[in-house]
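S.K.: here is the input, now give the coordinates:
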Amino acid sequence: MRIISSTNRRALDRVVAHDRRGDRAFERRVAAIVARVRDGGDAALRRLARRFDGVTGPIEVSHDEMIAGAAAASPDVRRAIRQAARSIARVASRQVPRHWDLDVAPGVSVEQRVEPLARVGCYVPGGRFPLPSSLLMTAVTARVAGVRDVVVCCPRPEPAVMAAALEAGVTRLFRIGGAHAVAALAYGTATVPRVDKIVGPGNRYVAVAKAFVSRDCAIDFFAGPTEIVIVAGNGRPDWIAADLVAQAEHDPDARSIFITWRRRLAARVATAVSARARGRNIVTRSLRAHGAIVVARSADEAMEVVNRLAPEHLVVDREALIARSITAGAVFVGAFAAQAAGDYATGSNHVLPTAGAARFRGGLSAADFVRVMAVQRVTRRGLARLAPTILALARAEGLLAHAESVEVRLDR
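M.R.: You can find the predicted model right below:
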């Protein structure tokens, strides 16, 4: 990994920058796939599933298939899935917005009503490895929020994924992926039901397709390549290197960054990373293209760089570093808070904002699966109390019919 100084502004700006330039040709390809499914329904979906996913039979996995598939997962994996699901559910249950009633004034009350979405679609990647954890993070959280129908698309539902689907109470599971799966969830076909919202990570096709359909179907957020930033002034170089390499193994486009104010630690971590990355092709490509070690002038400057990065995952070696305003999708504190613990077992959601999106939102939560509505009740006495405010503001805005709609009720 290259080591740069925070005083090298040009090099630091390159590390901080998120490449938001779109690939127009690629986006047109994705748009064409989405349009084919939207306009062609099941027939188009099946052709695309045969071409991209190798599906020649039914695209839906039956409940009996799920049971048989889950049984093929090893007992230790099934136990881990059960425990992970329990932890995710415990955390998610604290995230659901609460119902409340408030009397604003005599004759005026406001109720906050919270209702779950009716049906959601969870995308589960199926690339080099099965990802049952991503299914649990999305589907269990949706269930806790009260969503009735949870539909999952996964291009390669391995036994561990089927075990997770059963544990999470998934309603329907489809063996399709990519942009065509996103389009099917967004617009519906004869086989795949239309959903109210699509959540979950995926590759470039999935991310761009979600952005396209977001005009017609809600999504969680645009998810780019995964990223980690580690900030430490002390610690074991091999542990820090292990976390950097763990993130880099996801994807050649993954970003792994270490920030310290101790140059000697920077050099030791660089050496440890080189040793640990040796022979791992994806890790080496990722670190060469997107890895960096930044030597800051102080702990305060290190955290200033963090807030510019707004990373998906932030790991810090001490509590004092986060005793300030911080910008990150998820935070891990202390030497034993390995980021992998959050990926699988702490219960905190690992579907997180990337590419600087942590500046304006956090990770997926139960709140993403509900509608929050204000129910307002006003009596005649209450409206009379509100009238001076309503009439003055309506007239100031030139909306005379608004004022008249109140005056007619009060015989003014």
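
S.K.: what count of nearby residues applies to D368?
M.R.: 24 (other C-beta atoms under 10 Å). Heads up, the C-betas are built off the backbone N, CA and C, glycines and all.

S.K.: mind listing what's buried in the lengthiest helix in the chain?
M.R.: Longest helix in the chain, counting residues (DSSP state H): helix 24-48. Across helix 24-48, burial judged by 16 or more other C-beta atoms under 10 Å covers V30, I33, V34, R36, V37, R38, G41, D42, A44, L45, R46, L48.

S.K.: which pair of those residues spans the longest distance?
M.R.: V30 and D42 (20.0 Å; C-beta to C-beta).

S.K.: returning to that earlier point: export the buried residues of helix 24-48 to CSV and tack on pLDDT and distance to E158?
M.R.: Shown next, in CSV, are the buried residues of helix 24-48 (pLDDT from 0 to 100; distance: C-beta to C-beta, whole Å):
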residue, pLDDT, distance to E158
V30, 97, 26
I33, 98, 24
V34, 98, 27
R36, 98, 28
V37, 98, 25
R38, 98, 29
G41, 97, 28
D42, 96, 25
A44, 98, 26
L45, 98, 22
R46, 97, 22
L48, 97, 21
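
S.K.: what's the closest of these to S214?
M.R.: V34 (11.2 Å).

S.K.: residues in contact with the closest one?
M.R.: By C-beta atoms under 8 Å, 6 or more residues apart in numbering, the contact list for V34 reads A179, H180, V182, A183, A186, A209, F212, V213.

S.K.: JSON lines for those residues, including distance to A292, pLDDT and neighbour count?
M.R.: Formatted as JSON lines, these follow (distance: C-beta to C-beta, whole Å; pLDDT from 0 to 100; neighbours: other C-beta atoms under 10 Å):
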{"residue": "A179", "distance to A292": "32", "pLDDT": "97", "neighbour count": "28"}
{"residue": "H180", "distance to A292": "36", "pLDDT": "98", "neighbour count": "29"}
{"residue": "V182", "distance to A292": "32", "pLDDT": "98", "neighbour count": "32"}
{"residue": "A183", "distance to A292": "37", "pLDDT": "98", "neighbour count": "32"}
{"residue": "A186", "distance to A292": "37", "pLDDT": "98", "neighbour count": "26"}
{"residue": "A209", "distance to A292": "30", "pLDDT": "97", "neighbour count": "29"}
{"residue": "F212", "distance to A292": "32", "pLDDT": "95", "neighbour count": "21"}
{"residue": "V213", "distance to A292": "34", "pLDDT": "97", "neighbour count": "21"}
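
S.K.: before we move on, back to that, what strands line up against the helix or strand that the longest helix of the chain is followed by, and which way round?
M.R.: Downstream of helix 24-48, the first helix or strand assigned by DSSP states H and E is strand 60-61. Next to strand 60-61 in the sheet, as set by DSSP bridges, lie strand 172-174 (antiparallel).

S.K.: for the record, mean pLDDT for the strand it pairs with?
M.R.: In this model, strand 172-174 carries a mean pLDDT of 98.

S.K.: same deal with stretch 354-364?
M.R.: The pLDDT scores in stretch 354-364 average 94.

S.K.: what residues of that stretch count as buried?
M.R.: T354, A355, G356, A357, A358, G362, G363, L364.

S.K.: nearest to R79, of the residues you listed?
M.R.: Nearest member of the buried residues of stretch 354-364 to R79, counting by C-beta to C-beta, is L364, at 24.4 Å.

S.K.: apart from its neighbours in sequence, what residue is nearest that closest one?
M.R.: Spatially, and ignoring its direct neighbours in sequence, L364 is nearest to V351 (3.9 Å; C-beta to C-beta, 6 or more residues apart in numbering).

S.K.: assumed the one you found was part of a helix.
M.R.: No - secondary structure of V351 (DSSP: H, G, I helix; E, B strand; the rest coil): coil, not part of a helix.

S.K.: local confidence estimate at it?
M.R.: Predicted confidence (pLDDT) for V351: 96.

S.K.: which parts of the stretch 201-350 of the chain are helices?
M.R.: Here the stretch 201-350 of the chain has its helices, by DSSP state H, counting those that start in this stretch, at 204-213, 237-248, 263-277, 281-290, 299-309, 339-344.

S.K.: okay, these in TSV with distance to L173 next?
M.R.: Converted to TSV, the helices of the stretch 201-350 of the chain look like this (distance: least, C-beta to C-beta, whole Å):
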stretch	distance to L173
helix 204-213	17
helix 237-248	28
helix 263-277	36
helix 281-290	28
helix 299-309	36
helix 339-344	21
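
S.K.: tell me which of those lies nearest to G69.
M.R.: helix 339-344 (20.5 Å).

S.K.: run through who's touching that closest one.
M.R.: With contacts defined as C-beta under 8 Å, 6+ apart, helix 339-344 is touched by 80, 84, 133, 228, 243, 246-247, 313, 315, 330, 332, 348, 350.

S.K.: let's see it at 6 Å
M.R.: Helix 339-344 is contacted by residues A84, S133, D243, A246, H313, V315, A330, F332, S348, H350 when judged by C-beta atoms under 6 Å, 6 or more residues apart in numbering.

S.K.: what do you get for stretch 252-269?
M.R.: With C-beta under 6 Å, 6+ apart as the test, stretch 252-269 has contacts from 3, 225-233, 237, 240-241, 244, 247-248, 282, 285-286, 290-296, 298-299, 302, 305.

S.K.: stretch 385-404 now?
M.R.: Contacts for stretch 385-404 (C-beta under 6 Å, 6+ apart): A105, V406.

S.K.: so which bits of it are buried?
M.R.: Buried residues in stretch 385-404 (16+ other C-beta under 10 Å): R385, A387, L391, A394, A403.

S.K.: and the helix or strand containing the fourth one, how far out from the chain's middle?
M.R.: Applying DSSP H and E as the criterion places A394 in helix 380-396. Remark: helix 380-396 is offset 43 Å from the chain centroid, using C-alpha atoms, centre = their mean, to the nearest Å.
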